[in-house]
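Participant: generate coordinates for the sequence data below:
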Amino acid sequence: MKKLIVGFDGFVDIMVRPVKEKGDTTQYFDTIGNFGRYITGQEGKSCSIEMDISVRKHGGNAPLLSTAASRLGLDVTCVGMMGYPTPDPVFEHLPFKKISYMPPGESTALEFNDGKIFFAPGITATDPWGRITEAMQGKISFDDADAIALVNWSEVSFAKELWQNVLDSLTANKKRHVLFDLCDTTRKPKEDVADILALIGAFTAKADVTLSLNENECLDIGRKIFENNDAKQIAELLQEKYGITEIIVHATKWSYMLAEGEAVFANTIYVEKPAISTGAGDNFNGSYIFARSQEMNPQQCIEFCHKFVHDYISGN
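Facilitator: Sure thing, here's the model as predicted:
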């Protein structure tokens, strides 16, 4: 069984739906655009928006990706912020091995039919790598893994430090697969984005590397680094400039993958009204790591991910 290590975040998510109108039945804001237009219409005034809480659940990119990958059959260890010294109860039932080095963050997620908006504090810590190495000692090492997923650079203030430490701990092994997900880059300055992309490129000396971006992240990086607003061209420029083995851009209705010498474009199995949208990208990434571990070709990988994500957001 292929071994996957995932790090390093973890959140307790409170999932809510913003109420548009409440009478005999409740109507929710169905799209981010409709909600945004309502908010901007209150400029210069005050307003109150009721939130219907649907669930308090485990969150964070690392736990969600770990859940998806382990359910597909990978041997997954999540090194994350799930509670210290023992995991918070919301993480206990999850089907992967847990190594927790600090308490989880907390976030509120506004869910809409076309996406979600997270409100979450930035995460800081003293000597996070020391905490991680102590928690992992005698259990597993990154150099033992067949695959590694490093996620949520944008919300974890010390993520770059941790990723550099992982790189330094690895011996060269081109059979190893490392996937990166930066998460929402829009609040990060151009210089920070360029630095983290260069670090991701440096991993190619020791592993096959995939950078997975959603459409928003891809376009933001394109504007900041290349002054370009075309997703396919941005993927090509990223691969050319940083030498990253594979670039994947996954959007609501399509995905584009640029592997070495091969480009794949495929439409998703679109779900107009998803039962859940939070975690769609993490399920895409988890299923992609699994597909790669089964030696599927790029086209098969993308089609497998689309089917897996469709089932997830449909509530199947």
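
Participant: model confidence over stretch 146-166, on average?
Facilitator: Per-residue pLDDT over stretch 146-166 has a mean of 96.

Participant: the stretch 1-150 of the chain: strands as residue ranges?
Facilitator: Ranges of strands in the stretch 1-150 of the chain, per DSSP state E, counting those that start in this stretch, are 3-7, 11-22, 26-28, 51-59, 75-80, 97-100, 105-112, 115-119, 147-151.

Participant: in TSV: these, plus distance to residue 180.
Facilitator: To be clear about C-beta, it is placed using only N, CA and C from the backbone, and glycine gets the same treatment. Below are those laid out as TSV (distance: least, CB to CB, whole Å):
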stretch	distance to residue 180
strand 3-7	11
strand 11-22	19
strand 26-28	34
strand 51-59	19
strand 75-80	15
strand 97-100	20
strand 105-112	20
strand 115-119	19
strand 147-151	5
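
Participant: nearest to residue 41, of these?
Facilitator: Among those, the nearest to residue 41 by CB to CB is strand 11-22 (12.5 Å).

Participant: so what strands line up beside that closest one?
Facilitator: strand 26-28 (antiparallel), strand 51-59 (antiparallel), strand 105-112 (parallel) (DSSP bridges).

Participant: flag every buried residue along it.
Facilitator: 11-18 (16 or more other CB atoms under 10 Å).

Participant: tell me the one of these nearest residue 25?
Facilitator: Distance to residue 25, by CB to CB, is smallest for residue 17 among these, at 13.2 Å.

Participant: three-state assignment of the residue nearest to residue 269 when sequence neighbours are not counted?
Facilitator: The spatial neighbour of residue 269 that comes closest, neighbours along the chain excluded (CB to CB, 6 or more residues apart in numbering), is residue 310 at 3.9 Å. Applying DSSP: H, G, I helix; E, B strand; the rest coil to residue 310 yields a three-state assignment of helix.

Participant: check contacts around residue 310.
Facilitator: For residue 310, the contact set (CB atoms under 8 Å, 6 or more residues apart in numbering) comprises 268-269, 271.

Participant: could you dump those into TSV with distance to residue 239, pLDDT and neighbour count added?
Facilitator: As requested, the contacts of residue 310 are exported to TSV (distance: CB to CB, whole Å; pLDDT from 0 to 100; neighbours: other CB atoms under 10 Å):
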residue	distance to residue 239	pLDDT	neighbour count
268	22	96	21
269	27	95	15
271	30	91	18
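
Participant: which one of those sits closest to residue 251?
Facilitator: Set against residue 251, the nearest of the contacts of residue 310 by CB to CB is residue 268 (7.6 Å).

Participant: residue 14 reaches residue 105, doesn't it?
Facilitator: No: using CB atoms under 8 Å, residue 14 makes no contact with residue 105, being 11.7 Å away.

Participant: how many other residues sit next to residue 153?
Facilitator: Residues near residue 153, counting by other CB atoms under 10 Å, number 26.

Participant: give me the element it is part of.
Facilitator: Residue 153 belongs to no helix or strand when assigned by DSSP states H and E.

Participant: of all the strands of the stretch 1-150 of the chain, which lies closest to residue 186?
Facilitator: Counting by CB to CB, residue 186 lies closest to strand 115-119 out of those; the figure is 12.2 Å.

Participant: residue contacts, residue 35?
Facilitator: Contacts for residue 35 (CB under 8 Å, 6+ apart) come out as 18, 29, 110, 112.

Participant: ok, and the most crowded of those?
Facilitator: Among these, residue 29 has the most neighbours (other CB under 10 Å), with 22 neighbours.

Participant: can you tell me which residues contact it?
Facilitator: Residue 29 sits in contact with 17-20, 35, 38, 112, where contact means CB under 8 Å, 6+ apart.

Participant: what's near enough to touch the spatially closest residue to residue 272 that is not a sequence neighbour?
Facilitator: Using CB to CB, 6+ apart and skipping residues adjacent in sequence, the residue nearest residue 272 is residue 113, 7.1 Å away. Residues counted as contacts of residue 113 (CB under 8 Å, 6+ apart) are 30-31, 272-274, 277.

Participant: considering these, which possesses the most neighbours?
Facilitator: residue 274 (22 neighbours).

Participant: ranges for the helices of this structure?
Facilitator: Listed in chain order, the helices of the chain (DSSP state H) span 32-40, 61-71, 89-92, 128-136, 159-169, 190-202, 215-221, 231-242, 280-293, 298-313.

Participant: how much space is there between residue 42 and residue 48?
Facilitator: According to CB to CB, to the nearest Å, residue 42 stands 10 Å off from residue 48.

Participant: residue 82: which of the contacts of residue 310 is nearest?
Facilitator: Set against residue 82, the nearest of these by CB to CB is residue 271 (29.1 Å).

Participant: quick check: phi and psi on that closest one?
Facilitator: The phi/psi pair for residue 271 (degrees, to the nearest 10) reads phi -120, psi 110.
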